[in-house]
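1. What would the 3D arrangement of this be:
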Amino acid sequence: MVKRSWPPVYNVVVAGGGFAVDQYNFFVIALVVAMMGCVNFPSDREDPLKGGDDRCYSDKIAGRNGKDFWGHTWLKEAALIGAILGQLSFGAIGDFVGRRRAFFCTLLLVTIGSLASGLTPTKDMIGQTGLYLWVIAWQFVAGIGVGGEYPLSATATRELNKDFTAVSLTFTMQGVGILLAPAFLLLLFSILGDTINKLNIIWRIALGFSFLPGLLLLYPRWKMHESKEFTKNRSKVSWSNFADRTVLTRLAGCAGSWFLLDVLFYGNTLMQAPVFAAVFNNENADEGINPHDDKKDLRDVAIQALITAGFNWAGYFLGVFFLPYLGLWKMQVMGFVVQSVLFFAIGILYWHLQTLPAVFTALFGLTFLFSNLGANMTTFIVPTTAFEAQVRARGHGISAAAGKLGGVVGAIVLNKIFHWNKDRSAEPIVFYVASGVAILGVLCTVFLVPVNVEDCTGPTPAEQEMSVRMVDEEIEFEEGSPEEQECDPEGDQQQEQPHDRKEEEGEKEEKQEEPQQSQNEGDGKQDSSGVGGESGEV
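-> Numbering: from 1, shown residues only. Model prediction:
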């Protein structure tokens with residue numbers, strides 16, 4: 001029977017709440033771009049000034065009404081590019097300056113960027129080019145904060161909670177953001193309506209919404225404590241940490257698998273709207289004609305996105321449940337394999353699925369489910385156990401940046417393939433390519449990610465190496481201490497021990513006889529399930 005310790009909900013919300021805000025920003029942008037396209041480039045049948053019915057139809061989202069506008073392309077990519085910069089820079093700041101300060105700054109950037117995006121001036125005030133440049137610039141700022149959340153939320157949570165449960169629960173907050181994006185837009189459509197005139201207000205509200213939860217989380221973030229593990233290893237932080245061959249090998253495995261995963265995950269997500277539009281509006285789609293004018297509008301696309309988010313949601317919590325049973329390595333391999341099979345099946349059946357939209361939605365949704373019940377979760381957790389404390393935030397940040405780079409590549413390449421020609425013959429090829437990328441993910445995991453990184457019943461590989469180094473330096477290690485072993489065979493959490501060497505030597509014999517008593521003594525006494533350091537509060 002696998003045992004686990006559940007961290008307090010408050011701690012998960014504080015550590016992962018910013019992550020939910022971040023993912024909301026990422027996943028709402030596809031629908032925001034569609035709304036801005038309808039507002040600024042309406043077709044004759046949409047434009048009320050030309051006799052249109054003032055509605056935004058989903059064939060606009062499919063991208064078949066005219067050439068792509070540069071502003072829409074850069075709007076989709078601005079947050080992703082900003083995230084890459086944020087992951088690299090805040091990963092380094094987290095190691096050199098500290099987790100707490102960096103963690104506060106990332107959320108502050110997201111909050112400011114969201115507020116400024118929501119307060120975008122009108123086109124009459126700054127012109128169409130100025131309007132797009134404004135939103136792109138502030139989405140880039142928010143993206144930097146979003147990127148910084150990745151290494152810091154994972155690293156801080158892992159160091160203050162001694163099993164994978166807390167980190168996996170923090171990661172599930174991503175699902176909250178993904179689900180919130182279409183749900184909040186549907187709420188706005190119900191309250192304000194979905195006419196083109198109202199969309200000008202709705203997309204601003206959608207982008208500015210992240211300001212509120214971000215503002216609420218700023219104070220708890222500021223009150224966080226540094227982990228004892230980071231404080232103890234702070235003097236070892238150096239760029240020379242990456243001269244270690246083992247560190248570089250693991251970095252290649254973590255970064256490579258995350259790159260390939262995000263080619264699929266973000267490419268799929270940003271293509272979600274055009275793919276659904278193509279399937280649900282197949283007849284005459286090559287002519288830009290929607291045969292169901294009274295039904296297939298922006299609201300329907302939001303509903304379809306909500307359905308997909310539901311698959312995401314299921315995948316996150318199934319991942320939390322199965323992680324202790326499967327382990328990180330097996331779960332990552334399984335996720336890539338199942339995704340490859342699903343993408344290949346969709347490619348083969350693509351034209352038949354045009355007449356079976358419900359079946360298509362189920363298969364497409366399952367690709368998201370097994371992404372989260374697989375590599376999307378594990379690539380977030382593996383770097384927290386593969387790297388030592390003095391290099392952990394940077395290792396995680398570089399790996400996450402590789403993932404976001406994969407997201408940029410996936411969004412651009414898969415979108416180009418999907419719209420390769422007007423006769424739509426290239427659309428199934430996207431899914432064959434995605435299947436091949438998933439196979440590469442399997443190979444990267446098998447050959448570059450250590451198999452025993454999945455094991456939470458003994459020292460992690462990084463901790464084994466640290467133990468050897470400390471023995472070479474004639475530093476006595478106590479068998480079974482948290483520095484040598486983070487999780488016991490039953491999965492129980494271990495609390496941090498006093499790190500005063502003389503005190504440890506004097507109490508060694510007593511600790512061996514009464515291990516539980518020693519865990520409650522000294523400076524190491526703390527709430528091990530919390531994000532809040534010694535007092536257990538955030």
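
2. Run through the residues that contact residue 339.
-> By Cβ atoms under 8 Å, 6 or more residues apart in numbering, the contact set of residue 339 is 264, 367, 370-371, 374-375, 434-435, 438, 441. (C-beta placed from N, C-alpha, C; glycine too.)

3. again but with residue 155, I slipped
-> Residue 155 neighbours (Cβ under 8 Å, 6+ apart): 94, 99, 384, 392-393, 396.

4. possible to save the residues you listed as TSV with pLDDT and secondary structure?
-> Listed next are the contacts of residue 155 as TSV, based on pLDDT from 0 to 100; DSSP: H, G, I helix; E, B strand; the rest coil:
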residue	pLDDT	secondary structure
94	94	helix
99	90	helix
384	90	helix
392	94	helix
393	95	helix
396	96	helix
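
5. Between these, identify the one with the most neighbours.
-> The most neighbours of any of these, using other Cβ atoms under 10 Å, belong to residue 393, which has 34 neighbours.

6. Can you give me the distance of that one to residue 261?
-> As judged by Cβ to Cβ, to the nearest Å, residue 393 and residue 261 stand 20 Å apart.

7. Near the closest residue to residue 372 other than its chain neighbours, how many other residues are there?
-> Nearest residue to residue 372 in three dimensions, chain neighbours excluded: residue 315, at 3.0 Å (Cβ to Cβ, 6 or more residues apart in numbering). Residues near residue 315, counting by other Cβ under 10 Å, number 25.

8. Residue 315 and residue 371 touch, don't they?
-> Yes - here residue 315 reaches residue 371: they are 6.5 Å apart, a contact under Cβ atoms under 8 Å.

9. Name the nearest residue to the residue most central in space within the chain, ignoring sequence neighbours.
-> Nearest to the geometric centre of the chain sits residue 174, at 5.9 Å (Cα atoms, centre = their mean). In this structure, residue 174 finds its nearest non-sequential neighbour in residue 23, 4.4 Å apart by Cβ to Cβ, 6+ apart.

10. tell me which residues in the helix or strand encompassing residue 168 are buried?
-> In this assignment (DSSP states H and E), residue 168 forms part of helix 164-192. For helix 164-192, burial by neighbour count (16 or more other Cβ atoms under 10 Å) applies to 164-182, 184-186, 188-189.

11. if I've got this straight, residue 226 is in a helix?
-> No - in this structure, residue 226 is coil, not part of a helix, as judged by DSSP: H, G, I helix; E, B strand; the rest coil.

12. and of the contacts of residue 155, the nearest to residue 123?
-> Residue 123 lies nearest to residue 94 out of the contacts of residue 155, by Cβ to Cβ, at 39.8 Å.

13. what's that closest one in contact with, if anything?
-> 102-103, 151-152, 155, 393-394, 397.

14. can you put those residues in JSON lines and add secondary structure and distance to residue 249?
-> As requested, the contacts of residue 94 are exported to JSON lines (DSSP: H, G, I helix; E, B strand; the rest coil; distance: Cβ to Cβ, whole Å):
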{"residue": "102", "secondary structure": "helix", "distance to residue 249": "26"}
{"residue": "103", "secondary structure": "helix", "distance to residue 249": "28"}
{"residue": "151", "secondary structure": "helix", "distance to residue 249": "19"}
{"residue": "152", "secondary structure": "helix", "distance to residue 249": "24"}
{"residue": "155", "secondary structure": "helix", "distance to residue 249": "20"}
{"residue": "393", "secondary structure": "helix", "distance to residue 249": "19"}
{"residue": "394", "secondary structure": "helix", "distance to residue 249": "16"}
{"residue": "397", "secondary structure": "helix", "distance to residue 249": "18"}
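
15. Type out the ChimeraX command that picks the buried ones from those residues.
-> If you want just the buried ones from the contacts of residue 94 in ChimeraX, going by 16+ other Cβ under 10 Å, the selection is:
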select :102,103,151,152,155,393,394,397
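
16. hmm, which two among the contacts of residue 94 are most spread apart?
-> 103 and 394 (14.9 Å).

17. Quick check: closest non-adjacent residue to residue 71.
-> residue 132 (3.4 Å).

18. Now for that neighbour: which residues touch it?
-> Each residue near residue 132 by Cβ under 8 Å, 6+ apart is listed here: 36, 71, 74-75.

19. Okay, strands next: where are they in this protein?
-> Shown for the chain, no strands are assigned by DSSP state E.

20. neighbours around residue 325, how many?
-> Around residue 325 there are 9 residues (other Cβ under 10 Å).

21. Columns pLDDT, neighbour count and distance to residue 217 on top of the contacts of residue 132, output as CSV?
-> CSV is the format used below for those (pLDDT from 0 to 100; neighbours: other Cβ atoms under 10 Å; distance: Cβ to Cβ, whole Å):
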residue, pLDDT, neighbour count, distance to residue 217
36, 86, 22, 28
71, 82, 20, 31
74, 86, 16, 29
75, 85, 21, 26
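
22. Mind picking the two most distant members of the residues you listed?
-> 36 and 74 (11.9 Å).

23. So for stretch 30-44, what gets flagged as buried?
-> 30-43.

24. same deal with stretch 413-423?
-> 414-415, 417-419.

25. From start to finish, how long is that stretch in a straight line?
-> End-to-end distance of stretch 413-423 (Cα to Cα, to the nearest Å): 18 Å.

26. now that stretch: mean pLDDT?
-> Stretch 413-423 carries an average pLDDT of 77.

27. cool, stretch 318-325 as well?
-> In the prediction, stretch 318-325 has an average pLDDT of 90.

28. Show me which parts of that stretch are buried, residue by residue.
-> Buried-residue list, stretch 318-325, by 16+ other Cβ under 10 Å: 318-320, 322-324.

29. Helices - which of the residues you listed land there?
-> 318-320, 322-324 (DSSP state H).

30. Just name the closest of the residues you listed to residue 448, please.
-> Among those, and counting by Cβ to Cβ, the member closest to residue 448 is residue 323, at 20.4 Å.

31. isn't that closest one right next to residue 169, touching?
-> No - between residue 323 and residue 169 there is no contact under Cβ under 8 Å: 10.3 Å.

32. For PyMOL, write the selection for the buried entries among the contacts of residue 339.
-> PyMOL command restricting the contacts of residue 339 to the buried ones, with burial defined by 16+ other Cβ under 10 Å:
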select buried, resi 264+367+370+371+374+375+434+435+438+441
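
33. Could you export the contacts of residue 339 as CSV, including distance to residue 86 and pLDDT?
-> As requested, the contacts of residue 339 are exported to CSV (distance: Cβ to Cβ, whole Å; pLDDT from 0 to 100):
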residue, distance to residue 86, pLDDT
264, 22, 88
367, 27, 89
370, 28, 92
371, 22, 90
374, 25, 92
375, 22, 93
434, 27, 91
435, 31, 94
438, 27, 95
441, 24, 95
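
34. Let's see which of the contacts of residue 339 end up in helices.
-> Those of these lying in helices (DSSP H): 264, 367, 370-371, 375, 434-435, 438, 441.
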